[in-house]
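Student: following is a predicted model, sequence given first.
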Amino acid sequence: MKNRLKVLRAERDWSQADLADRLGVSRQSVNAIEKGRYDPSLPLAFAIADVFEMTIEEIFEKDA
Amino acid sequence: MGSPKNPAIKRYIARVATLMALYLVVLFTAKWTFENAQVEGPLAYALAIAPALPLIGVFWAVMRYLTEESDEYLRMLVVRQCLFATGFCLTIVTIWQWLQNFDLAQPGNGGFGAAFFWFIGLGFGALYNKLTLGDWGNLW
């Protein structure tokens, strides 16, 4: 699944560790999600959407 | 290993360190007793099984870690490690068993039981995680 995490982080000047702290997960998790190696569960996807004050669809995009 | 800030990992390390220390004490006590004293009957069985208990405790610690780890990605890495370890262990033990069935391997296991191969499998499982997902996982 593609996502815009890296861009959204950069816009806010957040490091992966900053985002991980806000989500209450490890930096490894953020890195794996950002690189598309791991698709988050629905609760974590909602948490990510809440942190960026966006909808899940605005952040994640299904593979073509 | 994972970040020492992770409370689930801290508890896992404390549990495994305690169980391994206990394992060494029980193992040497059992070996010394069997070599230096006449042990028979139910006591002999209890003494023979005693070193297995801390190892079973390590299995418990791994499963406990899985229930206590709140980070779903780290949890998934360890689940993959455990599945890899289980498959590795079953493969080795099954091949060994059939070599023995046809007298191509000596009877007995030389002290290397299923637990030994499962723990080795955890290490290979971590390598598998690293190669396929880029992260080792917390238990290795």
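Tutor: Perfect, I can see it now. Note that this is a predicted model, so its numbers are computed, not measured.
Student: just give the number of residues close to whatever residue of chain A ends up closest to chain B.
Tutor: Nearest to chain B, among the residues of chain A, is residue A:29, at 3.8 Å (CB to the nearest CB). All C-beta spots, glycine's among them, are computed from the backbone N, C-alpha and C. When neighbours are counted by other CB atoms under 10 Å in any protein chain shown, residue A:29 registers 25.
Student: so it sits against residue B:71, correct?
Tutor: Yes. Assessed by CB atoms under 8 Å, residue A:29 is found in contact with residue B:71 at 5.7 Å.
Student: residues in contact with stretch A:25-39?
Tutor: Residues from elsewhere that reach stretch A:25-39 (CB atoms under 8 Å, 6 or more residues apart in numbering or on different chains): A:1-3, A:5-6, A:9, A:16-17, A:19-20, A:23, A:40, A:44, A:48, B:2-3, B:6, B:71-74, B:76, B:133-135.
Student: am I right that residue A:25 is in a strand?
Tutor: No. Secondary structure of residue A:25 (DSSP: H, G, I helix; E, B strand; the rest coil): coil, not part of a strand.
Student: got the buried residues for stretch B:126-140?
Tutor: B:126, B:128, B:129, B:133, B:135, B:136, B:137, B:138, B:139, B:140 (16 or more other CB atoms under 10 Å in any protein chain shown).
Student: done for today, thanks.
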